[in-house]
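Student: for reference, the sequence and a predicted model appear below.
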Amino acid sequence: MEAMEALASEVDRRARRTGKGVVLVLAGEADGIAAARRLCPALDAVLPQPVVLPDFTAAEVGAYTRPLFGQRKRVLWDRRCM
């Protein structure tokens, strides 16, 4: 709970800065995200309504993220895991 309140404070602080945007991605089951929002009214207050995306396969996530991490010379996963 304390971590969620700290996250809410940080999101609110950054959102108030002129010319600065905030992108926060909460990933998980829709029910779990809804429960987390109910548990922390401060976090729920600073978040817009959720955007629910369809489930992605591991291959789809890899196809999207591989170029992003390749540019940064970082490896996020091992191909043997796919």
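Tutor: Here it is on my side, so go on. Numbers count the residues shown, from 1 in each chain.
Student: if I look at the most centrally placed residue in the chain, how far off is T18?
Tutor: For the chain, V25 is the residue whose C-alpha lies nearest the centre (CA atoms, centre = their mean; 1.6 Å). Distance of V25 to T18, given as CB to CB, to the nearest Å: 23 Å. To be clear about C-beta, it is placed using only N, CA and C from the backbone, and glycine gets the same treatment.
Student: how many neighbours does G32 have?
Tutor: Using other CB atoms under 10 Å, G32 has 11 other residues around it.
Student: so it, which of the three states?
Tutor: Here G32 is recorded as helix under DSSP: H, G, I helix; E, B strand; the rest coil.
Student: begin at 437, not 1, for the rest of this chat.
Tutor: Noted, 437 is the first residue going forward, which turns the last one into G468.
Student: distance of it from P503?
Tutor: 29 Å.
Student: repeat for F492
Tutor: For F492, the distance to P503 equals 16 Å [CB to CB].
Student: compare neighbour counts for the two and give me the winner.
Tutor: F492 (11 against 8).
Student: for the closest residue to that one other than its chain neighbours, pull up the helix or strand it's in.
Tutor: Computed as CB to CB, 6 or more residues apart in numbering, the closest residue to F492 that is not its neighbour in sequence is Y500, at 7.9 Å. If you go by DSSP states H and E, Y500 is part of helix 494-507.
Student: tell me the mean pLDDT over that helix?
Tutor: In this model, helix 494-507 has a mean pLDDT of 74.
Student: with stretch 462-471 instead?
Tutor: The pLDDT scores in stretch 462-471 average 85.
Student: C-alpha coordinates for it, PDB please?
Tutor: Extracted C-alpha coordinates of stretch 462-471, given in PDB (Å, rounded to 0.1, in the frame of the first residue of the first chain):
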ATOM      1  CA  LEU A 462       0.200  -1.200 -15.200                       C
ATOM      2  CA  ALA A 463       0.200  -4.700 -16.500                       C
ATOM      3  CA  GLY A 464      -1.900  -7.500 -15.200                       C
ATOM      4  CA  GLU A 465      -5.300  -9.100 -15.100                       C
ATOM      5  CA  ALA A 466      -8.200  -6.500 -15.300                       C
ATOM      6  CA  ASP A 467      -9.600  -7.700 -12.000                       C
ATOM      7  CA  GLY A 468      -6.300  -7.300 -10.300                       C
ATOM      8  CA  ILE A 469      -5.700  -3.800 -11.600                       C
ATOM      9  CA  ALA A 470      -9.200  -2.800 -10.500                       C
ATOM     10  CA  ALA A 471      -8.600  -4.300  -7.100                       C
END
